[in-house]
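J.: predicted model, plus sequence, below.
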2 protein chains.
Amino acid sequence: MHSDSIKVPKFTLKRLPLYYRCLRACLDRNQEYVSSEQIGKAAQVNAVQVRKDLALFGAMGTPGVGYCVADLKAKLEEVLGLNNVNEAVLIGVGRLGRAIIDYPGFERYGLHIVALFDSNPELIGTQVSGRPVFSTQEILHIIRRLQIKVAIITVPAEYAQSIANVLVEAGIRAIWNFAPAVIEVPSHVVLRNEDLAAGLATLFHYLAERNE
Amino acid sequence: MHSDSIKVPKFTLKRLPLYYRCLRACLDRNQEYVSSEQIGKAAQVNAVQVRKDLALFGAMGTPGVGYCVADLKAKLEEVLGLNNVNEAVLIGVGRLGRAIIDYPGFERYGLHIVALFDSNPELIGTQVSGRPVFSTQEILHIIRRLQIKVAIITVPAEYAQSIANVLVEAGIRAIWNFAPAVIEVPSHVVLRNEDLAAGLATLFHYLAERNE
DNA sequence: CCGAGTTTGTAACATTTTTCACATACTATA
DNA sequence: TATAGTATGTGAAAAATGTTACAAACTCGG
């Protein structure tokens, strides 16, 4: 591994995808150059912050003009690792699972969902959005054989932990948990709990603030 | 509005829902007391941080014992405003929209989705998960009549901005945007862009880090 | 009642992140 | 070729966040 030449702070990393989204929008509009101000507005971030973030990995703009959209986009893709394809499996083909399978953007971000798992017998053996659905009983076997390292959990909260245990046993290295449950994994596994409802707290907070 | 007595820092606010989730799990387990260490583990946060966050709004634990789960949960509900019910509408009854309508937790967080909108004639006039689906043409009319202040956008990216414009015109005060698009609203409207793919960046980053 | 073992609350410190201020560099127009 | 306008790059200051360390408070077993 020699990608350590680029060391991006945690907080910058969270903003980069927002910048990236803005760049894509610019490209769609055939806009050739973009200013830090414009990016900042789209990402709800200070313009100086944007410049500093971009400067971190050597993305330079030209004064008086801005950043070249195409170049910057390419640079971001490199830093975010969007060119590396990561194969993943998804467990729980319910509404949330299906929404994620079809969410436009995951593929673009290098996440390639190759297999699905569910416990519903009616689904097992079928295809959902072009991916085969296997029984949850086969998780261990299939993940090991395919050597998958990333898993997405979209099962009901009460099953999340037991699924996670099996995934870890199967050799999964990163878990993206959308189930509204607290799960625990060994320290060598990267866990990201995505709490959709958490965003509500922030939203309501600002809403209440405005109403004063 | 007299909740201004409690002023919670932005970052604390993002962590509180994670603590809350942990408390719910404790309650399900009939656990009476919980330590900051345990909460921290569940929320992937330092224990001292947890104590500091909780101290901010006067939640006190007892040394040697921990925090009373029931009390702390009640306190958090108050701070996060989970007792206030916020009525909301959702635009875009696709997979993502349906996933959100049924996501277990929004109701619990005080978000009450009362009406849906879509442009698909086959959906209009039907009910989805118990909510009526109206035409997107009626957004202005219905939102004004119902006096809804919160809207959730789950339409395809290319329609997000125009939908947002209508919502603003209808008097919406807070928009929660799940569409993978950059949208702009007047400053008096609270906008939260939820980029599901953004979490991937963090996940992959840590994954790469571990692999070194 | 005492002492070992926990766990909180908080002050002091270290680190990170954000903002401010301003010099520098490019474009365009006259 | 000036000159005005715009936008970047970056050092320094400010703010915030996170960590460490430790005294105080509680429980429990003897």
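T.: Arrived safely, thanks for sending.
J.: what's the biggest strand by length in chain A packed up against?
T.: When chain A is parsed with DSSP state E, its longest strand is strand A:111-118. Judged by 3 or more C-beta pairs under 8 Å, 6 or more residues apart in numbering or on different chains; DSSP states H and E, strand A:111-118 is in contact with strand A:86-91, helix A:95-102, strand A:131-135, helix A:139-146. No exception for glycine: its C-beta is placed from N, CA and C like everyone else's.
J.: could you give the angle of that strand to strand A:86-91?
T.: Angle, strand A:111-118 to strand A:86-91, by axes from the mean of the first three to the mean of the last three C-alpha atoms, to 10 degrees: 20 degrees.
J.: relative to strand A:111-118, what are the paired strands and their orientations?
T.: Counting by DSSP bridges, the strands paired with strand A:111-118 are strand A:86-91 (parallel), strand A:131-135 (parallel).
J.: in that strand, what's buried?
T.: For strand A:111-118, burial by neighbour count (16 or more other C-beta atoms under 10 Å in any protein chain shown) applies to A:111, A:113, A:115-118.
J.: what mean pLDDT does it have?
T.: Strand A:111-118 shows an average pLDDT of 96 in the prediction.
J.: outside of the helix or strand following that strand, which residues touch it?
T.: Next in sequence after strand A:111-118, counting helices and strands by DSSP states H and E, comes strand A:127-128. Strand A:127-128 is contacted from outside by A:93, A:98, A:101, A:116, A:133, using C-beta atoms under 8 Å, 6 or more residues apart in numbering or on different chains.
J.: among those, which one lies nearest to residue A:39?
T.: The closest of the contacts of strand A:127-128 to residue A:39 turns out to be residue A:101 (C-beta to C-beta; 30.0 Å).
J.: that closest one against residue A:91, yeah?
T.: No. Assessed by C-beta atoms under 8 Å, residue A:101 is found out of contact with residue A:91, at 11.6 Å.
J.: alpha carbons of the longest strand of chain A, as PDB, please.
T.: What follows is strand A:111-118, C-alpha atoms only, in PDB (Å, rounded to 0.1, in the frame of the first residue of the first chain):
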ATOM      1  CA  LEU A 111     -19.700  -0.500  -5.000                       C
ATOM      2  CA  HIS A 112     -20.700  -3.500  -7.000                       C
ATOM      3  CA  ILE A 113     -23.400  -5.600  -5.300                       C
ATOM      4  CA  VAL A 114     -22.900  -9.100  -6.700                       C
ATOM      5  CA  ALA A 115     -25.100 -11.200  -4.500                       C
ATOM      6  CA  LEU A 116     -28.200 -10.900  -2.300                       C
ATOM      7  CA  PHE A 117     -29.300 -12.900   0.700                       C
ATOM      8  CA  ASP A 118     -32.700 -13.300   2.300                       C
END
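J.: any chance you could list what contacts that strand?
T.: Residues outside strand A:111-118 that contact it (C-beta under 8 Å, 6+ apart) are A:85-94, A:97, A:101, A:106, A:124, A:128, A:131-136, A:138-139, A:142, A:146, A:148, A:150, A:152, B:197, B:200.
J.: buried residues in stretch A:201-212?
T.: Using 16+ other C-beta under 10 Å as the test for burial, stretch A:201-212 gives A:201-208.
J.: anything in that stretch near DNA strand C?
T.: No. Under the criterion of C-beta under 7 Å from any atom of the strand, stretch A:201-212 makes no contact with DNA strand C; the nearest approach is 14.3 Å.
J.: contacts for that stretch, please.
T.: Residues outside stretch A:201-212 that contact it (C-beta under 8 Å, 6+ apart): B:1, B:3-4, B:8, B:10, B:13-14, B:16-17, B:80-81, B:84, B:86, B:109-110, B:149-150, B:173-174, B:176, B:188, B:190, B:192.
J.: quick check: angle from the helix or strand bottoming out on mean pLDDT in chain A to strand B:111-118?
T.: Among the helices and strands of chain A, helix A:198-210 carries the lowest confidence by mean pLDDT, DSSP states H and E, at a mean of 83. Helix A:198-210 runs at 100 degrees relative to strand B:111-118, counting by the same axes, to 10 degrees.
J.: just the CA trace of helix A:198-210, in CSV.
T.: Output of helix A:198-210 as CSV, limited to C-alpha atoms (Å, rounded to 0.1, in the frame of the first residue of the first chain):
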residue,chain,number,x,y,z
ALA,A,198,-30.3,10.4,12.9
GLY,A,199,-30.4,13.0,10.2
LEU,A,200,-33.9,13.9,11.5
ALA,A,201,-32.4,15.2,14.7
THR,A,202,-30.3,17.7,12.9
LEU,A,203,-33.2,18.7,10.6
PHE,A,204,-35.6,19.3,13.4
HIS,A,205,-33.0,21.1,15.4
TYR,A,206,-32.4,23.7,12.7
LEU,A,207,-36.1,23.9,12.0
ALA,A,208,-36.8,24.7,15.6
GLU,A,209,-34.0,27.2,15.6
ARG,A,210,-35.5,29.1,12.6
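J.: what's the spacing between it and its chain's center?
T.: Relative to the mean C-alpha coordinate of its chain, helix A:198-210 is positioned 23 Å out (C-alpha atoms, centre = their mean, to the nearest Å).
J.: still on that earlier bit, save the helices and strands packed on strand A:111-118 as a markdown table, and put in mean neighbour count and mean pLDDT too.
T.: Output for the helices and strands packed on strand A:111-118, formatted as a markdown table (neighbours: other C-beta atoms under 10 Å in any protein chain shown; pLDDT from 0 to 100):
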| stretch | mean neighbour count | mean pLDDT |
| --- | --- | --- |
| strand A:86-91 | 23 | 96 |
| helix A:95-102 | 22 | 92 |
| strand A:131-135 | 17 | 97 |
| helix A:139-146 | 16 | 96 |
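J.: closest to residue B:56 out of the ones you listed?
T.: Per C-beta to C-beta, nearest to residue B:56 of those: helix A:95-102, 32.4 Å.
J.: DNA strand D contacts on chain A?
T.: Where chain A comes near DNA strand D, counting by C-beta under 7 Å from any atom of the strand, the residues are A:35-37, A:47-48, A:51-52, A:54-55, A:60-67.
J.: quick one on the thing from earlier: among the contacts of stretch A:201-212, which ones are buried?
T.: Listed as buried from the contacts of stretch A:201-212 are B:8, B:13-14, B:16-17, B:80-81, B:86, B:109-110, B:149-150, B:173-174, B:176, B:190, B:192; burial here means 16+ other C-beta under 10 Å.
J.: in strands, which of these fall?
T.: B:86, B:150, B:174, B:176, B:190, B:192.
J.: ok, and the closest non-adjacent residue to the fourth one?
T.: Spatial nearest neighbour of residue B:176, excluding adjacent residues (C-beta to C-beta, 6 or more residues apart in numbering or on different chains): residue B:152 at 4.8 Å.
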